[in-house]
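Q: what shape does this take:
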Amino acid sequence: MGSRGRRAVLVCAWAILMTACGSEVDTGEGSFPAPPDTPAPVGQVEESLPEGGLEVAPVRVEEDKREPRSVPPMFQPGFHHALRWSHSASNVTFRLRVPVGRAGQRVRLAFRSGDGSLVLRKVTVARAGPNGALASAPVNVTFSGSAGFSVGARTRVVSDPVTFPVSFRDELAVSFEVQGALAVSAIETLPGSYVRSGAYASVTGAIGGTPWARAVGLATVDVEGPPARAFVALGDSITEGYITDHDDTRLAWPSVAEAQLGVPLVNAGVSGQGFYEELMNLDQEVLSLEGITDCIVLLGTNDLSSLELAGLQSRMSTLVSRLKPFCRTWVGTLLPKEKTNHGDYEVVKRDRLAMNAWIRATFPDIIDFEAVTRQPDNVHLFLDGLEVDGIHPSVAGQRVMADEVVRVLREAGVQPESGVELPSGE
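A: Residues are numbered from 1 along each chain as shown. Here you go, the predicted structure:
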């Protein structure tokens with residue numbers, strides 16, 4: 001073999017077959033061209049190589065026969081409410097009936113104070129029974145080892161982990177004895193809940209008192225389990241689940257979709273809000289959650305009469321940018337709006353269509369709520385039976401929205417949590 005062929009073979013061997021002969025070779029200190037052909041030095045005798053060239057044996061990688069390392073469990077939200085307003089109470093017990101969309105062996109509760117100081121004396125958690133009674137023995141909840149806490153205004157306090165096994169879509173009774181200002185929702189969302197003057201957190205029977213359906217004090221229930229997809233929905237009254245003033249978070253599209261998907265989809269919707277309010281409260285109401293992987297945004301309906309199109313687009317872009325380090329963000333198109341309570345309806349109609357066209361053209365992950373709720377021959381009207389007042393979807397409308405969320409997310413590969421068995425037909 002001549003010097004030219006010998007040198008080419010050696011270069012290929014030196015590169016361990018990582019590059020083609022004659023191509024660039026990377027040494028870890030930058031790439032450079034393969035050495036050019038040069039004649040052998042005078043007096044040097046070329047060694048003969050085997051016929052057919054130099055063989056390079058493949059590197060054998062020893063198979064790692066160890067068992068794969070198990071992934072440790074983590075806390076992720078199974079229930080959440082964004083508690084924007086404040087309610088004052090004096091030595092009362094609340095017993096809230098809350099659904100949880102995550103299975104696990106331990107829970108952790110987060111409480112929020114309202115516009116003043118709050119003293120929480122005792123908290124228990126149990127399975128919810130009928131009429132405010134408990135279906136299991138109450139388990140005490142502690143905070144840094146203490147039975148309760150005392151905090152100032154607008155403070156979030158997270159409990160110690162509590163051993164309390166729960167299954168997907170279990171309903172819990174969280175009872176707490178409090179005095180002071182508690183954060184509270186704007187609308188009724190938790191039917192089957194009660195409030196009574198006095199200390200009743202450990203009572204297993206019905207506590208009596210007064211029915212109380214607003215989410216109050218209790219902001220989040222985290223559940224410890226295998227890491228999984230976990231969603232939070234950001235929006236206004238459409239997302240919070242407003243239908244009649246006496247509502248149920250279980251009928252809102254996030255909860256309906258959660259039941260079909262088999263993964264947590266907690267609700268951070270706030271009635272009446274627009275982009276400004278969401279951005280102002282994002283840290284406390286959304287970014288304080290741990291373990292969230294995905295966000296679904298349905299906002300802008302309340303801004304159509306007060307912001308120009310450029311303002312709508314700018315604030316949506318700002319919100320998505322703030323969420324980007326926190327979660328994969330899915331942007332929803334705005335539902336039909338058959339009337340407006342503020343501003344010029346013609347402007348509202350024009351800007352809603354333009355906003356939806358921009359959303360479809362701008363964001364890679366969208367959920368087209370408009371497409372499944374509009375009439376085929378009039379984009380400004382809901383399909384019959386899907387609205388209650390020309391703006392808010394009915395129970396049937398919420399189901400249609402949930403179905404579209406499920407369709408899109410399933411196509412994107414979202415699977416039920418491990419061990420979750422969905423009802424037949426889901």
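
Q: residue ranges with poor pLDDT in the stretch 51-200 of the chain?
A: Scanning the stretch 51-200 of the chain for pLDDT under 70 picks out the ranges 51-68.

Q: would you map the strands across it?
A: Along the stretch 51-200 of the chain, counting by DSSP state E, counting those that start in this stretch, strands occupy 74-80, 85-99, 104-127, 139-141, 149-151, 156-158, 162-166, 171-188, 194-197.

Q: quick one: list the elements packing against the third one.
A: By that I understand strand 104-127. Under the contact criterion of 3 or more CB pairs under 8 Å, 6 or more residues apart in numbering; DSSP states H and E, strand 104-127 touches strand 74-80, strand 85-99, strand 139-141, strand 149-151, strand 156-158, strand 162-166, strand 171-188, strand 218-225. For every residue, glycine as well, the C-beta is placed using N, CA and C.

Q: could I get the buried residue list for it?
A: The neighbour-count check on strand 104-127 (16 or more other CB atoms under 10 Å) flags 104, 106-114, 118, 120-126 as buried.

Q: ok, now the second one?
A: Of the residues in strand 85-99, those scored as buried under the neighbour-count criterion (16+ other CB under 10 Å) are 86-87, 89, 92-99.

Q: got it, and stretch 292-311?
A: Buried, per 16+ other CB under 10 Å, within stretch 292-311: 292-305, 307.

Q: same thing with stretch 331-346?
A: So for stretch 331-346, counting by 16+ other CB under 10 Å, buried means 331-337, 340, 345.

Q: which of those residues lies closest to Thr244?
A: Among these, Leu335 lies closest to Thr244 (CB to CB), at 17.6 Å.

Q: on that earlier part again, would you list the helices and strands packed on strand 104-127 in TSV and tack on distance to Ala354?
A: Shown next, in TSV, are those (distance: least, CB to CB, whole Å):
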stretch	distance to Ala354
strand 74-80	32
strand 85-99	33
strand 139-141	49
strand 149-151	45
strand 156-158	38
strand 162-166	45
strand 171-188	29
strand 218-225	36
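
Q: Leu353 is nearest to which of these?
A: strand 171-188 (28.5 Å).

Q: now that closest one against strand 162-166, angle please.
A: 90 degrees (axes from the mean of the first three to the mean of the last three CA atoms, to 10 degrees).

Q: looking at it, Asp351 is touching Leu304, isn't it?
A: Yes: the criterion here is CB atoms under 8 Å, and Asp351 meets it with Leu304 at 5.5 Å.

Q: for those two, list the residues in contact with both.
A: By CB atoms under 8 Å, 6 or more residues apart in numbering, Asp351 and Leu304 have these common neighbours: Leu312.

Q: that older thread, I'd like the strands of the stretch 51-200 of the chain as JSON lines, with distance to Phe363 appended.
A: Converted to JSON lines, the strands of the stretch 51-200 of the chain look like this (distance: least, CB to CB, whole Å):
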{"stretch": "strand 74-80", "distance to Phe363": "24"}
{"stretch": "strand 85-99", "distance to Phe363": "30"}
{"stretch": "strand 104-127", "distance to Phe363": "30"}
{"stretch": "strand 139-141", "distance to Phe363": "40"}
{"stretch": "strand 149-151", "distance to Phe363": "38"}
{"stretch": "strand 156-158", "distance to Phe363": "30"}
{"stretch": "strand 162-166", "distance to Phe363": "34"}
{"stretch": "strand 171-188", "distance to Phe363": "28"}
{"stretch": "strand 194-197", "distance to Phe363": "42"}
